[in-house]
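Participant: Sharing a model prediction with you, sequence too.
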Amino acid sequence: MKLRMILFVLSMLAFLSASTGGYFYYSSLKEAAFREAERQAGARLQTINKNLSGFLSENIKPVRSLAGLEELQQSLIWSNDAAALDKANMILDHFNRTLEADVCYLMDRMGDTIASSNRMAKDSFVGQNFDFRPYFQNAIQREPA
């Protein structure tokens, strides 16, 4: 009977020892996996941030070029002048093709679209008001958007 008790106690100690070791191994493995996932997520975030910043900075350049064109400024000043609007539309068409953008359009201070590269389409932006859009809100406050 004593031998059985000793073997039982030794078995229980071996089982507890193996269970405790397994738990600590699992915990450390889990923690290492979380650290690695966090490191990879941080690296991806930096890559996405870098790519997005590059994309946005590349798109700001043509917008600044467009904003500096006298023809577009004239069409804003003389928005009822058909010739000024035709010039603006031609410029927007050119930039739309060159930039391979979906649409290029010109909005006045009120958020109304006065010229657009999609002016002939059913879903033309001309005459539409976009003053509620965040990019318009930022642009009207002279912030790049």
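Facilitator: Good, I have the coordinates. Numbers count the residues shown, from 1 in each chain.
Participant: The biggest helix by length in the chain packs against which elements?
Facilitator: Determined from DSSP state H, the single longest helix within the chain is helix 2-68. Judged by 3 or more CB pairs under 8 Å, 6 or more residues apart in numbering; DSSP states H and E, helix 2-68 is in contact with helix 82-99. Quick note: C-beta positions are derived from backbone N, CA and C, even for glycine.
Participant: What residues of the helix it packs on count as buried?
Facilitator: A84, L85, K87, A88, N89, I91, L92, D93, F95, N96 (16 or more other CB atoms under 10 Å).
Participant: what residue lies at the spatial centre of the chain?
Facilitator: Centroid check for the chain by CA atoms, centre = their mean gives L52 as the closest residue, at 6.5 Å.
Participant: Max pairwise distance over the buried residues of helix 82-99: which two?
Facilitator: A84 and N96 (18.5 Å; CB to CB).
Participant: which of the residues in the helix or strand of the chain with the lowest mean pLDDT are buried?
Facilitator: Lowest by mean pLDDT, DSSP states H and E among the helices and strands of the chain is helix 70-77, with a mean of 84. Neighbour-count burial for helix 70-77, with 16+ other CB under 10 Å as criterion, is recorded at L72, Q74, S75.
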